[in-house]
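Participant: next come a sequence and a model predicted from it.
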Amino acid sequence: MAKLTLQTAIANYGHTAQIKNGEIGSDKFDMKHIDISPVPMIFRRMVRTLEFDVAEMALATYICSKHFEKEFTALPIFLTRSFYHSSMIYREGSKIAHPKDLEGRRVGVRSYTFTPGVWSRGILSNYHGVDLDTITWVLQGDEHVEEFEYPSNVITSDTGDLYQMLSDGEVEAVIGAPTNGSKEILPLFSDPESLDKDWYSKNRIYPISHVLVVKNELLHNNPWLGQEIMDVFNKARSTYLSKWNNERPAQDSIDHSQMNLSKIVGTNPLNYSFSETRETIKKFVGYNHEQKLIPNIPSPEDLFFLG
């Protein structure tokens with residue numbers, strides 16, 4: 001059997017480095033890696049043109065894409081995860097002291113299907129009692145999924161920069177973005193890490209940011225391929241985790257942020273287990289439905305290739 005060559009677009013992480021440099025691979029396929037920056041352009045190009053065979057994709061973009069029957073399927077390879085209390089900010093002088101003070105305000109977000117935005121809105125609603133429908137969501141940019149239609153309380157901005165929107169008073173708060181060092185832009189929560197720990201301890205939900213998707217045609221024509229890709233990525237993950245736990249190698253900021261989540265979730269911050277992640281997926285799908293990104297609620301099993 002001739003080896004497949006897979007056009008692959010993923011970001012640079014410690015747990016994928018050995019895949020990208022060829023140290024870990026498969027005798028059944030080769031990956032031709034295409035570096036794209038910024039990373040969200042990978043999602044857009046995959047959604048709109050099916051440009052790649054294998055691609056990284058934000059989870060909300062993927063869920064929205066599946067509703068519109070895009071021809072790719074996610075594997076349970078959860079490339080990045082995060083918590084989101086630190087990514088909610090407001091403008092000084094806007095008289096926002098508590099999460100519910102966001103009600104009736106204009107709040108900025110990169111796009112409505114932006115994964116950190118979906119997680120943040122879900123946390124605000126379910127953990128802090130915020131009525132999301134009372135907020136006008138002001139978007140910095142458009143959606144990767146062109147077919148998506150906004151809810152009635154969503155508008156777009158021509159500014160193109162969330163921090164500028166906040167500084168100019170176009171919005172009074174922003175979700176999905178950290179503070180930027182400006183004295184007039186303040187965090188909504190003074191101790192976000194404690195809130196993240198509390199939220200995790202109560203819910204056992206470890207938010208997924210990005211997954212890995214593969215063209216349906218390739219999965220259909222090569223029934224072995226999905227599991228083979230999963231095996232490669234799991235081997236790279238296990239090797240990296242072992243090195244991290246034993247040697248603590250130097251890391252760039254992305255890896256350091258990812259691995260620091262072990263302070264909340266324990267020794268396996270790169271958990272690819274579908275069974276252990278099913279409730280997280282189910283919760284996030286529910287958030288997507290509540291926030292009107294999708295009209296129906298697919299099961300986690302319907303969304304992922306499971307072999």
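Facilitator: Alright, I've got the coordinates.
Participant: CA atoms only: put the helix or strand in which residue 285 is found into CSV for me.
Facilitator: Counting by DSSP states H and E, the secondary-structure element that holds residue 285 is helix 274-290. Extracted as CSV, the C-alpha positions of helix 274-290 are listed here (Å, rounded to 0.1, in the frame of the first residue of the first chain):
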residue,chain,number,x,y,z
PHE,A,274,-13.0,11.0,24.8
SER,A,275,-14.7,9.2,27.7
GLU,A,276,-13.2,11.5,30.2
THR,A,277,-14.0,14.5,28.1
ARG,A,278,-17.5,13.6,27.0
GLU,A,279,-19.2,15.8,29.6
THR,A,280,-17.1,18.8,28.7
ILE,A,281,-18.1,18.3,25.0
LYS,A,282,-21.7,17.9,26.0
LYS,A,283,-21.6,21.0,28.1
PHE,A,284,-20.1,23.1,25.3
VAL,A,285,-22.6,21.8,22.8
GLY,A,286,-25.3,22.9,25.2
TYR,A,287,-23.7,26.4,25.4
ASN,A,288,-23.7,26.6,21.6
HIS,A,289,-27.4,25.7,21.5
GLU,A,290,-28.3,28.1,24.3
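Participant: how much does the longest helix seen in the chain deviate in direction from helix 274-290?
Facilitator: Determined from DSSP state H, the single longest helix within the chain is helix 225-247. Using axes from the mean of the first three to the mean of the last three C-alpha atoms, to 10 degrees, one finds that helix 225-247 and helix 274-290 are set 110 degrees apart in direction.
Participant: name the next helix or strand following helix 225-247 along the chain.
Facilitator: Elements were assigned by DSSP H and E; along the chain past helix 225-247, the next helix or strand is helix 253-259.
Participant: gap between that next one and the chain center?
Facilitator: In terms of C-alpha atoms, centre = their mean, to the nearest Å, the centre of helix 253-259 is set 15 Å apart from its chain centre.
Participant: again, but for stretch 155-165
Facilitator: 21 Å.
Participant: quick one: terminal-to-terminal distance for that stretch?
Facilitator: From its first residue to its last, stretch 155-165 covers 13 Å (C-alpha to C-alpha, to the nearest Å).
Participant: now what about that stretch, what contacts it?
Facilitator: Contacts to stretch 155-165, defined as C-beta atoms under 8 Å, 6 or more residues apart in numbering, come from residues 108-110, 136-142, 168, 170-171, 174, 177, 180, 182, 185. For the C-beta atoms, the positions are set from N, CA and C on the backbone; glycine is no exception.
Participant: in the longest helix of the chain, what counts as buried?
Facilitator: Within helix 225-247, the residues that qualify as buried are 225-226, 229-230, 232-234, 236-237, 239-241, 244, counting by 16 or more other C-beta atoms under 10 Å.
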